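Q: please find the sequence and the predicted model below.
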Amino acid sequence: MSKHHHISIAVVFLSLSFGASASALQLVQQPVLQTLNSTDAQEISGQITVPALSTLKPASVPVWMDSPDATPARLQQAVATGRIDAETADLYLAFALRGDDRLPREYISTATWHGTAHLARLRQTTLAQLKWADADPSRQMLASTDVYMRIEQLLNGFCDDYTSALTNEFDSPHFHIQYSTIGGGLTIQDYATSLERAWDTEVVKFGWPQPPIATAPAAGNRIHVRIDLTKQQGLYGLASYLGTHAGRVGDNPNTAWRETDAEAACLVLNRDFSKFYPTSALQALNATTAHEFVHVIHYGVGIDSDLNGNAGLTFAESMATMMEDEVMNEANDNYNYLWPKLDICLGAYNDSPYKYWVVMRAMTERFGTGVANGAEQVLQDFMTVLSQGQGGRLTAFNQGFVNKGTTLANAYHDAAITLRFTKPCDGNYVYPYCFSEANNYVQQKGAAKISSGSAVNGTISTLGGSYSGTVENHYAMNWVDLPLNIAPYAVTLQNNSTTGEMRFSVVCDTGSALNVLTPSQVVSAKKSGAVPNVDPSACVKLTAIITNQKVTSEAPRTCSADAYTLSIGAPSSLFKTYLSFVRK
């Protein structure tokens with residue numbers, strides 16, 4: 001039985017702050033994406049408790065908008081510069097999500113963005129605002145409370161009460177589609193075919209749980225779809241758990257286990273995908289249906305409460321983005337989301353969740369792409385463990401790899417090697433250290449970067465040199481380039497932290513293959529490890545790969561940055577003896 005209650009597929013982002021007087025809580029002109037400290041707002045039995053006003057603290061989070069010119073980013077910039085306040089920005093975001101004509105023209109953009117996470121965040125903000133008003137009568141007369149009451153009305157019944165009339169209907173085997181005009185050179189049959197392809201691949205071919213149908217189903221017990229968003233050309237689409245033909249079902253009858261919080265979801269898709277440059281209209285449509293149908297399945301097994309918080313959102317959105325490749329491999333819209341910040345930990349990842357798809361791909365591609373029981377199975381097992389209440393996010397993800405005969409720690413370290421070199425799988429470049437589409441990634445976005453925009457965290461240039469750095473626990477990576485064209489040397493990693501658990505290997509790119517010079521080794525706190533016999537003469541690039549696999553929490557609020565020192569020196573005496581012997 002699922003132990004989880006319903007919240008949403010997104011972090012509880014609350015656009016709140018406090019002024020000098022705690023008794024007169026005010027919304028201030030902070031960036032739209034704000035959140036309470038996790039100790040201040042706890043989820044209990046599906047509700048968000050109201051904290052004491054004296055404990056309320058602002059805590060800004062990074063912007064993870066798809067495009068810096070997308071509508072949500074324009075709204076955030078307007079708040080940051082004082083043109084509008086936070087509650088007005090949230091109202092305008094509701095207009096944007098609804099395709100409402102009342103969205104001011106200056107916030108209408110063709111720049112691309114995804115709606116599901118924004119919708120879920122806005123619902124949680126609205127819920128929290130109205131709860132505060134219920135708990136504090138002095139807030140009930142505030143203008144901000146009235147705004148959130150308006151937003152609540154806008155968001156209820158999301159898939160059935162649009163401002164634009166949709167006069168046409170089309171039924172495919174699993175979807176009831178309402179639409180008016182369709183642009184971009186596509187037809188209603190294109191939409192129906194794309195939706196059914198997502199169903200056939202994810203449910204039939206891969207065996208993912210069939211989504212439940214709402215208690216008030218659309219015609220023929222189908223999933224309700226609206227083709228709309230006439231005022232938001234850049235919004236791909238979204239999945240919603242509210243609507244006449246959506247909502248709580250409790251247990252999904254299509255799974256072998258019993259949930260208590262499964263939701264039937266509906267879909268809204270853009271009516272004109274011709275603006276989603278550089279992909280074609282059909283590619284953008286196919287990527288969107290594959291992506292958003294993953295969210296429908298997530299709702300259907302009741303795991304959206306597991307996928308809140310920064311990293312939870314990263315799991316939800318990066319997996320959905322990776323599934324675009326699994327379902328619609330030719331779409332390649334995910335190329336637009338490269339690269340993630342690779343030295344930020346997975347456990348509390350707080351940058352664009354969509355970009356992290358390539359890390360998921362690097363960890364799972366070795367198991368097979370576009371085939372049942374391949375890469376998708378790791379994601380499916382992750383979802384199953386969460387739905388059954390058998391573990392949190394990191395435990396569930398690890399179980400997916402255990403079921404494949406390895407571990408998350410091993411797969412993540414291998415992914416760190418793969419991402420550093422980004423080699424295509426041909427010749428002697430083989431799994432697990434290659435991508436089938438590596439050349440396309442590099443052509444589209446260049447080589448992988450770390451947070452600073454550099455290709456590596458550090459470089460050691462001479463014998464006797466060293467590099468001191470930090471790597472976050474809960475799965476983050478560092479890369480340190482090592483010198484070429486000098487005599488063989490030893491590479492030593494000193495773990496200077498009291499908590500870190502660092503996995504360490506040295507990898508040589510010969511120009512035709514990647515050679516891991518010794519099996520990776522784990523260096524625990526205050527310990528050291530060494531590769532004693534690194535001969536760089538055959539390498540065109542040589543890099544020390546360091547990952548931190550220390551886990552102390554399923555959902556850490558932050559990840560500790562653990563210190564290390566990497567150094568190179570003369571080979572060990574044993575290796576010197578060996579060199580002397582082989583040269584005779």
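A: Yep, that arrived.
Q: and residue 92, how far from residue 71?
A: Using Cβ to Cβ, to the nearest Å, residue 92 is found at 8 Å from residue 71. From N, CA and C alone the C-beta is placed, and that goes for glycine too.
Q: scratch that, residue 500 is what I was asking about
A: With Cβ to Cβ as the criterion, residue 500 and residue 71 are 41 Å apart.
Q: before we move on, the earlier item: quick check: neighbours shared by residue 92 and residue 71?
A: In terms of Cβ atoms under 8 Å, 6 or more residues apart in numbering, residue 92 and residue 71 are both contacted by the residues 103, 107.
Q: these two: which has the busier surroundings?
A: Under the criterion of other Cβ atoms under 10 Å, the comparison of residue 92 against residue 71 puts residue 71 first, with 29 against 24.
Q: tell me who's in contact with that one.
A: By Cβ under 8 Å, 6+ apart, residue 71 lies in contact with 93, 96, 103, 107, 108, 109, 111, 113, 232, 234, 235.
Q: wait, the last one touches residue 98, no?
A: No. With contact defined as Cβ atoms under 8 Å, residue 235 does not reach residue 98; the gap is 10.2 Å.
Q: which of those two has more residues huddled nearby?
A: Here residue 235 and residue 98 are compared on neighbour count by other Cβ under 10 Å; more neighbours surround residue 235, at 28 against 23.
Q: so what's the more buried one up against?
A: Residue 235 touches 71, 96, 97, 99, 112, 113, 114, 115, 229, 270, counting by Cβ under 8 Å, 6+ apart.
Q: now the helices for the stretch 301-450 of the chain?
A: Taking DSSP state H, counting those that start in this stretch, the helices of the stretch 301-450 of the chain run over residues 309-327, 357-364, 375-387, 393-402, 408-421, 438-445.
Q: the helices in the protein, which residues?
A: 71-80, 86-98, 116-135, 143-155, 188-199, 281-300, 309-327, 357-364, 375-387, 393-402, 408-421, 438-445, 573-583 (DSSP state H).
Q: could you give the angle of the third one to helix 86-98?
A: Meaning helix 116-135. With axes from the mean of the first three to the mean of the last three Cα atoms, to 10 degrees defining the directions, helix 116-135 sits at 140 degrees from helix 86-98.
Q: what helices and strands are in contact with helix 116-135?
A: strand 47-48, helix 86-98, helix 143-155, strand 237-240, helix 309-327 (3 or more Cβ pairs under 8 Å, 6 or more residues apart in numbering; DSSP states H and E).
Q: redo the ones you listed as TSV? Include mean pLDDT and distance to residue 207.
A: Shown next, in TSV, are the helices and strands packed on helix 116-135 (pLDDT from 0 to 100; distance: least, Cβ to Cβ, whole Å):
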stretch	mean pLDDT	distance to residue 207
strand 47-48	31	34
helix 86-98	88	32
helix 143-155	82	33
strand 237-240	89	20
helix 309-327	89	13
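Q: need the ones you listed in JSON lines with distance to residue 418, can you?
A: Output for the helices and strands packed on helix 116-135, formatted as JSON lines (distance: least, Cβ to Cβ, whole Å):
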{"stretch": "strand 47-48", "distance to residue 418": "40"}
{"stretch": "helix 86-98", "distance to residue 418": "36"}
{"stretch": "helix 143-155", "distance to residue 418": "41"}
{"stretch": "strand 237-240", "distance to residue 418": "31"}
{"stretch": "helix 309-327", "distance to residue 418": "14"}
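Q: which stretch among the ones you listed comes nearest residue 487?
A: helix 309-327 (42.9 Å; Cβ to Cβ).
Q: residue 155 contacts residue 119, correct?
A: Yes. If you go by Cβ under 8 Å, residue 155 and residue 119 touch, sitting 7.3 Å apart.
Q: between these two, what contacts are shared?
A: Counting by Cβ under 8 Å, 6+ apart, the contacts common to residue 155 and residue 119 are residue 97.
Q: between the two, who's got more neighbours?
A: Set residue 155 next to residue 119 and count neighbours by other Cβ under 10 Å: residue 119 wins out with 25 against 19.
Q: wait, which of the helices of the stretch 301-450 of the chain is closest to residue 568?
A: Here helix 408-421 is closest among the helices of the stretch 301-450 of the chain (Cβ to Cβ), at 17.9 Å.
Q: summarise which helices and strands the closest one is packed against.
A: helix 357-364, helix 393-402, strand 476-481, strand 502-509, strand 514-516, strand 541-548.
Q: that older thread, between the contacts of residue 71, which is nearest residue 390?
A: residue 113 (34.0 Å).
Q: low pLDDT regions in the protein?
A: Applying pLDDT under 70 to the chain picks out residues 1-67, 138-141, 143, 157-158, 160-164, 230-231, 309-310, 572-584.
Q: what's the domain layout of it?
A: The record, using automatic domain parsing to delimit domains, assigns the chain the ranges 1-156, 164-303, 455-583.
Q: middle-most residue in this protein, spatially?
A: residue 314 (2.4 Å; Cα atoms, centre = their mean).
Q: my read is that that residue contacts residue 349, right?
A: Yes. Taking contacts as Cβ under 8 Å, residue 314 lies within contact range of residue 349: 4.3 Å.
Q: show me where the stretch 151-300 of the chain has its strands.
A: Applying DSSP state E, counting those that start in this stretch to the stretch 151-300 of the chain gives strands spanning 168-171, 175-179, 223-228, 237-240, 247-250, 262-264, 266-270.
Q: for residue 359, find the nearest of the ones you listed.
A: Closest to residue 359 of these is strand 237-240 (Cβ to Cβ; 23.1 Å).
Q: so what touches stretch 242-258?
A: The contact list for stretch 242-258 (Cβ under 8 Å, 6+ apart) reads 1-2, 6, 155-160, 176, 209-218, 223-224, 240-241, 259-266, 300-302, 387-388.
Q: scratch that, stretch 452-463
A: 343, 420, 447-450, 466-467, 469, 478-483, 486-487, 489, 543, 566-570.
Q: go again with 7 Å.
A: For stretch 452-463, the surrounding residues in contact (Cβ atoms under 7 Å, 6 or more residues apart in numbering) are 343, 447, 449-450, 466-467, 469, 478-483, 486, 489, 566, 568-569.
Q: how far is stretch 559-569 from where the chain is centred?
A: 27 Å (Cα atoms, centre = their mean, to the nearest Å).
Q: buried ones in it, by neighbour count?
A: For stretch 559-569, burial by neighbour count (16 or more other Cβ atoms under 10 Å) applies to 559, 560, 561, 562, 564, 566, 567, 568.
Q: among these, which are in strands?
A: Members of the buried residues of stretch 559-569 lying in strands (criterion: DSSP state E): 561, 562, 564, 566, 567, 568.
Q: looking at these, which is nearest residue 286?
A: Taking Cβ to Cβ as the measure, residue 286 lies nearest residue 561 of those, at 40.0 Å.
Q: the residue nearest to the closest one when sequence neighbours are not counted: neighbouring residues, count only.
A: Closest residue to residue 561 apart from its sequence neighbours, by Cβ to Cβ, 6 or more residues apart in numbering: residue 470 at 4.0 Å. Look at residue 470: counted by other Cβ under 10 Å, it has 17 neighbours.
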